[in-house]
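Undergrad: here are the coordinates; sequence isn't available:
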């Protein structure tokens, strides 16, 4: 049996995955993922697109928001090309438009705003009091505990090594879902320390922000992809980056879903650093289609 990769190897894989290659001016190529779904994870495309926008912008401007629309699913067996359009370069702000294409067709369109750091009025929401991550089981440990009950066709994907360690504060039931309030909290971080490049940490947060979020809307209805014929996909995704942070240190993802309808679910997220700072906010609408 092939040995599982170490946490350090997994962290290096994530950094390598999001380290887009510049193939020409404002043209970048993203590496292939290996999630095993056949379809590219949306967070990967967002993270790589953000890296392309950041690479095309000179310091000291740093990314503070992105807004992305998914148009087509990406395939895992073919690289994604990112074309950057420099819509605006001002003294304080820069705006980039990134088109991700595969097989000659756009799969994602993203706009990104970058700002020269400056001081201003400040306030923030308060971080909720939750169980610290050291007292919680990882998502992998929770999955291992129920693996004997998981259908054989789901097991390989269910237990694949994760590059991001997620620790749910209140674990959901995969096999016996019940209707509950559409809200969930979880801690997350890269499984091992990485370098100090702030742009990479922002790209990893953008990558991880697509985890857990869409499923929040399904909690109110007691359904999930394992127990029901549920078709889900991200439709759009927005991230606002407020404060500096490290993606290899624990971050708390506070998610809720205020609305669902018409085969769509709307979800919101707040990401806090361990010291209570609100470092990012997220919003997403996704397809949630329950088939007979």
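TA: Sure, I can see it. Worth saying up front: this structure is predicted, and the values here are computed from it rather than measured. Residues are numbered from 1 along each chain as shown.
Undergrad: Help me confirm that residue 255 comes into contact with residue 172.
TA: No. Between residue 255 and residue 172 there is no contact, the gap being 11.6 Å when judged by Cβ atoms under 8 Å. (Glycine included, C-beta is placed from N, CA and C.)
Undergrad: out of those two, which sits in the more crowded spot?
TA: It is residue 255, of residue 255 and residue 172, that has more neighbours when counted by other Cβ atoms under 10 Å, with 24 against 17.
Undergrad: Give me the three-state assignment for the more buried one.
TA: strand (DSSP: H, G, I helix; E, B strand; the rest coil).
Undergrad: residues in contact with it?
TA: Applying Cβ atoms under 8 Å, 6 or more residues apart in numbering, we find residue 255 in contact with 183-186, 212-213, 216, 267-269.
Undergrad: Apply 6 Å and report the result again.
TA: 184, 213, 216, 269 (Cβ atoms under 6 Å, 6 or more residues apart in numbering).
Undergrad: Save these as JSON lines, and put in secondary structure and neighbour count too.
TA: What follows is those, written out as JSON lines (DSSP: H, G, I helix; E, B strand; the rest coil; neighbours: other Cβ atoms under 10 Å):
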{"residue": "184", "secondary structure": "strand", "neighbour count": "22"}
{"residue": "213", "secondary structure": "coil", "neighbour count": "26"}
{"residue": "216", "secondary structure": "helix", "neighbour count": "25"}
{"residue": "269", "secondary structure": "strand", "neighbour count": "22"}
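Undergrad: could the residues you listed be laid out in JSON lines, adding distance to residue 142?
TA: Output for those, formatted as JSON lines (distance: Cβ to Cβ, whole Å):
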{"residue": "184", "distance to residue 142": "13"}
{"residue": "213", "distance to residue 142": "18"}
{"residue": "216", "distance to residue 142": "17"}
{"residue": "269", "distance to residue 142": "20"}
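Undergrad: which one of those residues is nearest residue 73?
TA: When those are ranked by distance to residue 73 (Cβ to Cβ), residue 213 comes first, at 17.5 Å.
Undergrad: Show the contacting residues for that closest one.
TA: Going by Cβ under 6 Å, 6+ apart, residue 213 touches 255, 267, 269, 284.
Undergrad: Among the contacts of residue 255, which one lies nearest to residue 38?
TA: So of the contacts of residue 255, ranked by how close each gets to residue 38 (Cβ to Cβ), first place is residue 213, at 21.4 Å.
Undergrad: Can you give me the distance of that closest one to residue 123?
TA: Counting by Cβ to Cβ, to the nearest Å, the gap from residue 213 to residue 123 is 24 Å.
Undergrad: now residue 194
TA: Remark: distance between residue 194 and residue 123 (Cβ to Cβ) = 31 Å.
Undergrad: tell me what the helix or strand harbouring residue 231 is packed against?
TA: Element membership of residue 231, judged by DSSP states H and E, is strand 230-241. On a contact count with 3 or more Cβ pairs under 6 Å, 6 or more residues apart in numbering; DSSP states H and E, strand 230-241 meets strand 62-70, strand 278-290.
Undergrad: among those, which is nearest residue 201?
TA: Nearest to residue 201, of all the helices and strands packed on strand 230-241, is strand 278-290, at 10.0 Å by Cβ to Cβ.
Undergrad: Can you check which helix is longest in this structure?
TA: Assignment by DSSP state H gives helix 42-55 as the longest helix of the chain.
Undergrad: now the angle from it to strand 230-241?
TA: Here the directions of helix 42-55 and strand 230-241 differ by 30 degrees (axes from the mean of the first three to the mean of the last three Cα atoms, to 10 degrees).
Undergrad: got a list of contacts for helix 42-55?
TA: If you take Cβ under 6 Å, 6+ apart as the criterion, helix 42-55 is touched by 18, 20, 28, 30, 33, 63, 66, 68, 82, 84, 96, 98, 100, 108, 110, 112, 199, 203, 206-207, 210, 234, 237.
Undergrad: Recalculate using a threshold of 7 Å.
TA: Residues outside helix 42-55 that contact it (Cβ atoms under 7 Å, 6 or more residues apart in numbering) are 17-18, 20, 22, 28, 30, 33, 63, 66, 68, 70, 74, 80, 82, 84, 96, 98, 100, 107-108, 110, 112, 199, 202-204, 206-211, 234, 237.
Undergrad: pull the helix or strand with minimum mean pLDDT from the protein.
TA: Lowest mean confidence among the helices and strands of the chain (mean pLDDT, DSSP states H and E): helix 152-158, at a mean of 73.
Undergrad: Fine, thanks again, bye for now.
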